[in-house]
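Colleague: Sequence and predicted structure are below.
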Amino acid sequence: MTPHASDARRLHDDAVIVDGLQINNWNREVIQELRTGGVTGVNATAAVWEGTEQTLRAVGEWYQLTRNNQDIVVLAETADDIRKAKDEGRVAVVLGFQNTSPFGDDYRMVEVFHRLGVRVAQLTYNNQNAVGGSCYEPEDSGLTRFGRVIVSEMNRVGMLVDLSHVGNRTSLEAVEASSAPVAITHANPTWFVDNPRNKPDEVIRAVATAGGVVGCCLYPIVLGGAATTVAEFCAMVARLVDDLGPDQVALGSDCTRNWGDDYVEWLRSGHWRPRGETAAQWPEWPYWFRGPEDFPRVTDGLIDAGLDEKTVRGVLGENWLRLFDDVFAGGRSS
């Protein structure tokens, strides 16, 4: 290896790497992919469209998976659990939701799921719900009365508010309503790719100014497609670091390992509309990032983009850890 490559590998191996979101079909082989890529912590989606009962079963399946593979994986409820997993060579899984549907119409479910280990919840997925508007709705209703209660409860118990698929008005109102920092776990700026799933400067700056973190995303739809280069992605990260500060930028790959095309149709349609006449397919990922095993290429790209070692460590994981330390402590009320 060249000296540069050797230094990059040392940094990558030593860093605590935390992925802001993955939505894999989890098994031992997928967990091993994270270990191969040097990933220590991950926000793993346990629910998208599921209601309370289905989500309870999904959490139970996570308990079973980690119990049967405890040599390589552990459920994490604190940032220190992730730091400990790094020392042990295991993957620390932070359970998260990509919707507030598991709470139903009962704010008390926030505390119930928090006690079960859930530490992150996205306010909406791709549709309007009882909490607020989504990024794909023609008109964003804003944060509802129930949504304000949910945000307050999440602040109180120590659950991170995620705005990734949330509408822009609802996002801004959630930042204002939250007494704790919030996150965009997996999205990019609209100035990089103009897509409803990405975020305008107004939203990104509001999240960062309030102490939150933006997880730059590798999912092809928000990345600009498979032709986008690692240099282009890392230049975007570097510009965000310049714009927001080095403590407010991180990564959220949105990896989708081990699923068939039927699952992407479920993500898009759920139970709210008939399945499409043409079968949905997963988009093509760029050659330089097919899955968690390719995280070392991102580290190389961040170094090539001119970021110093401290900043690279922050983007790779330290910024998520600091936010988790802050938010997961809970005890806040609006």
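Modeller: Happy to help now that I have it. Predicted model, so just to flag it, every value in this text is computed and none were measured. Residues are numbered from 1 along each chain as shown.
Colleague: Three-state assignment for the nearest residue to residue 79 once chain neighbours are set aside, please.
Modeller: Leaving aside its sequence neighbours, residue 79 sits nearest to residue 324 (CB to CB, 6 or more residues apart in numbering; 3.9 Å). (C-beta placed from N, C-alpha, C; glycine too.) Following DSSP: H, G, I helix; E, B strand; the rest coil, we place residue 324 in the helix state.
Colleague: low-scoring stretches of the chain, by residue?
Modeller: 1-4, 277-278, 334 (pLDDT under 70).
Colleague: could you redo the last one with a cut-off of 50?
Modeller: Across the chain, residues meeting the criterion (pLDDT under 50) sit at 1-3.
Colleague: all helices for it, in order.
Modeller: In the chain, the helices defined using DSSP state H lie at 3-14, 28-36, 52-68, 79-88, 108-115, 145-157, 168-177, 201-209, 220-223, 230-244, 261-269, 295-304, 309-313, 319-327.
Colleague: Check the gap between residue 284 and residue 193 for me.
Modeller: 15 Å (CB to CB, to the nearest Å).
Colleague: So what's the residue count around residue 144?
Modeller: By the criterion of other CB atoms under 10 Å, residue 144 has 18 neighbours.
Colleague: Contact partners for it?
Modeller: Taking CB atoms under 8 Å, 6 or more residues apart in numbering, we find residue 144 in contact with 130-132.
Colleague: repeat that with 10 Å
Modeller: 123, 128-133, 150, 170, 173 (CB atoms under 10 Å, 6 or more residues apart in numbering).
Colleague: Return the backbone torsion pair for it.
Modeller: Per-residue torsions, residue 144: phi -80, psi 170 (degrees, to the nearest 10).
Colleague: gap between it and residue 131?
Modeller: Relative to residue 131, and taking CB to CB, residue 144 is found at 6 Å.
Colleague: So for these two, which residues contact both of them?
Modeller: Common neighbours of residue 144 and residue 131 (CB under 10 Å, 6+ apart) are 123, 150, 170.
Colleague: number of nearby residues for the closest residue to the second one other than its chain neighbours?
Modeller: Put plainly, it is residue 150. When the adjacent residues along the chain are set aside, residue 150 lies closest to residue 131, with 5.5 Å between them (CB to CB, 6+ apart). For residue 131, the count of nearby residues is 27 (other CB under 10 Å).
Colleague: quick one: the residue lying closest to residue 102 once chain neighbours are set aside and residue 130, what's the gap?
Modeller: Once flanking residues are discounted, residue 102 sits nearest to residue 55: 3.9 Å by CB to CB, 6+ apart. Look at residue 55 and residue 130: by CB to CB, they are 15 Å apart.
Colleague: Same question for residue 196.
Modeller: Distance from residue 196 to residue 130, by CB to CB: 21 Å.
Colleague: Then residue 268?
Modeller: 21 Å.
Colleague: what does residue 6 give?
Modeller: Taking CB to CB, one finds residue 6 at 53 Å from residue 130.
Colleague: Please say which of the two ends up with more neighbours.
Modeller: Neighbours were counted for residue 6 and for residue 130 using other CB under 10 Å; residue 130 has more, 15 against 10.
Colleague: Am I right that that one is in contact with residue 170?
Modeller: No. Contact status for residue 130 versus residue 170: not in contact, 11.9 Å apart, counting by CB atoms under 10 Å.
Colleague: just checking, what packs against the lengthiest strand in the chain?
Modeller: Secondary structure of the chain per DSSP state E: the longest strand is strand 39-47. With contacts defined as 3 or more CB pairs under 10 Å, 6 or more residues apart in numbering; DSSP states H and E, strand 39-47 has these neighbours: strand 17-22, helix 28-36, helix 52-68, strand 73-75, helix 79-88, strand 91-97, strand 118-122, helix 319-327.
Colleague: So for residue 154, which of these sits nearest?
Modeller: Shortest distance between residue 154 and the helices and strands packed on strand 39-47, using CB to CB, is found for strand 118-122: 6.5 Å.
Colleague: partners of that closest one, with directions?
Modeller: strand 91-97 (parallel), strand 160-162 (parallel) (DSSP bridges).
Colleague: ok, back up a step: so which of residue 284 and residue 193 has more stuff around it?
Modeller: Higher neighbour count among residue 284 and residue 193: residue 193, with 19 against 11, using other CB under 10 Å.
Colleague: that older thread, would you give the sheet partners of the longest strand of the chain, along with the direction of each?
Modeller: By DSSP bridges, strand 39-47 pairs with strand 17-22 (parallel), strand 91-97 (parallel).
Colleague: Please identify the deepest-packed of these.
Modeller: With neighbours taken as mean count of other CB atoms under 10 Å, those reach their highest mean count in strand 17-22, at a mean of 28.
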